[in-house]
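K.L.:
Could you look at this predicted model? Sequence included:
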Amino acid sequence: MALKILSVVGARPNFIKIAAICEAIKGINSLGAAEQIHHVLVHTGQHYDSNMSDSFFNDLELPKPDLCLGVGSASHSIQTARIMERFESVVQNEQPDVVLVVGDVNSTAACALVAKKTCCRGDQGSRDFIPKLAHVEAGLRSFDRTMPEEINRIVTDSISDFLFTTEESANQNLLHEGIPENRIFFVGNVMIDTLLRHRSKAQESTILQDLQLTDGREVKPYAILTLHRPANVDDKRVFCDMLEAFLDISKRMPVIFPAHPRTLKRIQDEDLGDYFVDHFVQGPEPWDARVRIRLVPPLGYFDFLHLISEARVVLTDSGGIQEETTILGVPCITLRDRTERPVTLEHGTNVLVGSNPEKIITEFNRLYRSGQKSNRSPRYWDGNAAKRIIKVLVDDFFPERSSVRAG
């Protein structure tokens with residue numbers, strides 16, 4: 001009998017993380033004649049734009065999802081409700097031993113709740129059961145409950161059976177919240193597994209040439225900007241103040257902005273187009289006195305990884321990018337007052353500046369003059385986190401095999 005794992009993805013960061021899980025499952029199944037793990041991949045459709053979804057499946061060699069729920073865009077509550085409603089029948093039909101969720105998006109919390117509230121019928125007279133729940137990237141806390149992601153993390157962790165953590169702070173957070181120590185597994189970072197696996201492939205990307213960021217074999221200095229959190233883009237005054245800071249930076253080097261669909265909608269709704277030039281439609285204007293931020297569509301994984309790998313500095317409000325720049329050794333200015341990933345401050349190149357334009361410019365100027373701070377890889381960010389996760393799940397499901405190996 002095989003261990004049946006039902007994995008859930010819904011948004012861009014999920015795809016990157018689940019790719020490592022799929023690879024680890026493929027690896028363990030290749031070791032024997034019989035399938036040890038039967039893996040079912042469910043895509044909720046939380047990110048439905050092809051640039052935010054399809055391209056990542058192609059780049060990361062992810063298997064085609066077994067099921068797509070097609071929930072689409074909506075408010076947090078409506079989207080969460082849609083996912084829960086559609087996911088219930090999936091659990092009832094598939095009867096998985098384990099439901100595995102990653103990260104902190106609405107799909108994570110919604111499917112976690114359904115998994116622990118759905119009773120599955122046992123086969124051939126065995127008892128009915130509730131699937132076990134595994135949360136990959138558990139325990140991260142910003143301690144800011146105005147962030148929807150923080151609520152998703154807390155809810156998911158509180159009901160999980162396996163809590164797989166990426167850094168020591170997460171272990172301590174969970175213990176302080178009363179999670180039993182035997183449910184917590186410090187395994188490392190699956191996002192870094194995927195980065196390390198595909199880093200050399202990403203070097204083949206032509207994105208630098210496409211964006212005219214090379215001069216012969218030399219890469220010109222440039223900055224990358226990503227921005228999507230409601231606290232930064234939903235208040236027009238806050239957003240405009242930050243854009244003024246980015247314009248100031250663009251006077252010294254190009255600022256490349258792969259715009260999240262949500263952010264692009266805010267730019268259009270608030271009539272903020274004068275801050276930007278559409279790189280692929282109008283072309284860059286490096287000698288124009290009216291220097292503007294270079295707007296580009298969302299990029300595929302390889303293009304984006306290559307772009308941040310060669311950047312002089314990254315400005316972001318994304319949690320995952322804080323981790324990626326830590327491993328890549330690229331200076332990261334995080335446009336938030338808090339981070340749920342403190343290891344990127346302690347070990348990486350990350351600094352927090354919030355949305356204050358003066359702080360943004362001051363930190364950029366410091367980096368421009370003195371360069372980045374030193375960085376080192378956090379513990380277990382070594383490309384093997386997913387293998388550790390799958391070993392824990394297999395050993396729990398096949399305890400007799402684990403005891404034989406231990407003996």
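P.N.:
Right, received. Where do you want to start?

K.L.:
Show me how the chain divides into domains.
P.N.:
What automatic domain parsing lists as the domains of the chain is 3-189+381-406, 200-370.

K.L.:
just how off-centre is the first one within its chain?
P.N.:
In this case it means domain 3-189+381-406. Centre-to-centre, domain 3-189+381-406 and its host chain are 13 Å apart (Cα atoms, centre = their mean, to the nearest Å).

K.L.:
for it, what is the average pLDDT?
P.N.:
Throughout domain 3-189+381-406, pLDDT has a mean value of 92.

K.L.:
ok, now stretch 197-210?
P.N.:
For stretch 197-210, mean pLDDT rounds to 95.

K.L.:
what about the closest residue in space to residue 43 that isn't next to it in sequence, helix or strand, and which?
P.N.:
Of all residues not flanking residue 43 in the chain, residue 65 sits nearest, at 3.9 Å (Cβ to Cβ, 6 or more residues apart in numbering). Where you see a C-beta, it was placed from the backbone N, CA and C, and this is true even at glycine. Using DSSP states H and E, no element contains residue 65; it sits outside every helix and strand.

K.L.:
Tell me how far residue 65 lies from residue 27.
P.N.:
Applying Cβ to Cβ, to the nearest Å, the value for residue 65 to residue 27 is 20 Å.

K.L.:
Need the nearest residue in space to residue 55, chain neighbours excluded.
P.N.:
That would be residue 300: by Cβ to Cβ, 6+ apart, it lies 4.0 Å from residue 55.

K.L.:
tell me the helices in the stretch 151-300 of the chain, going along the chain?
P.N.:
All helices of the stretch 151-300 of the chain, identified by DSSP state H, counting those that start in this stretch, fall at 168-176, 190-202, 207-210, 230-233, 236-250, 261-269, 279-282.

K.L.:
can I get those in TSV with mean neighbour count and distance to residue 12?
P.N.:
TSV is the format used below for the helices of the stretch 151-300 of the chain (neighbours: other Cβ atoms under 10 Å; distance: least, Cβ to Cβ, whole Å):
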stretch	mean neighbour count	distance to residue 12
helix 168-176	18	21
helix 190-202	20	11
helix 207-210	15	17
helix 230-233	18	17
helix 236-250	18	21
helix 261-269	15	11
helix 279-282	13	20
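
K.L.:
So for residue 91, which of the ones you listed sits nearest?
P.N.:
Of all the helices of the stretch 151-300 of the chain, helix 190-202 sits nearest to residue 91, with 22.8 Å by Cβ to Cβ.

K.L.:
packing partners for the closest one?
P.N.:
Secondary-structure packing of helix 190-202 (3 or more Cβ pairs under 8 Å, 6 or more residues apart in numbering; DSSP states H and E): helix 12-29, helix 301-309, helix 319-328, helix 385-397.

K.L.:
need the contact list for residue 136.
P.N.:
Applying Cβ atoms under 8 Å, 6 or more residues apart in numbering to residue 136 gives the contacts 17, 21, 100-103, 164, 190, 389.

K.L.:
Identify the farthest-apart pair in the residues you listed.
P.N.:
Farthest pair in the contacts of residue 136 (Cβ to Cβ) is 103 and 389. Separation: 13.7 Å.

K.L.:
Same drill for the two, tell me which one is more crowded.
P.N.:
The neighbour count for residue 103 versus residue 389, taken as other Cβ atoms under 10 Å, is higher for residue 103 (29 against 24).

K.L.:
pretty sure that one contacts residue 17?
P.N.:
Yes. With contact defined as Cβ atoms under 8 Å, residue 103 counts as touching residue 17 (6.2 Å).

K.L.:
Please enumerate the shared neighbours of these two.
P.N.:
Taking Cβ under 8 Å, 6+ apart as the contact rule, residue 103 and residue 17 both touch 136-137.

K.L.:
re the thing from before, counting neighbours, go ahead and name the busier of residue 65 and residue 27.
P.N.:
Ranked by neighbour count (other Cβ under 10 Å), residue 65 and residue 27 place residue 65 first, with 18 against 12.

K.L.:
Go through the helices of the stretch 151-300 of the chain and name the closest to residue 395.
P.N.:
The closest of the helices of the stretch 151-300 of the chain to residue 395 is helix 190-202. By Cβ to Cβ, the value is 18.1 Å.

K.L.:
Contacts for the closest one, please.
P.N.:
Outside helix 190-202, the residues within contact range by Cβ under 8 Å, 6+ apart are 13, 16-21, 23, 59-60, 102, 136-137, 301-303, 305-306, 309, 320, 323-324, 327-328, 381-386, 389.
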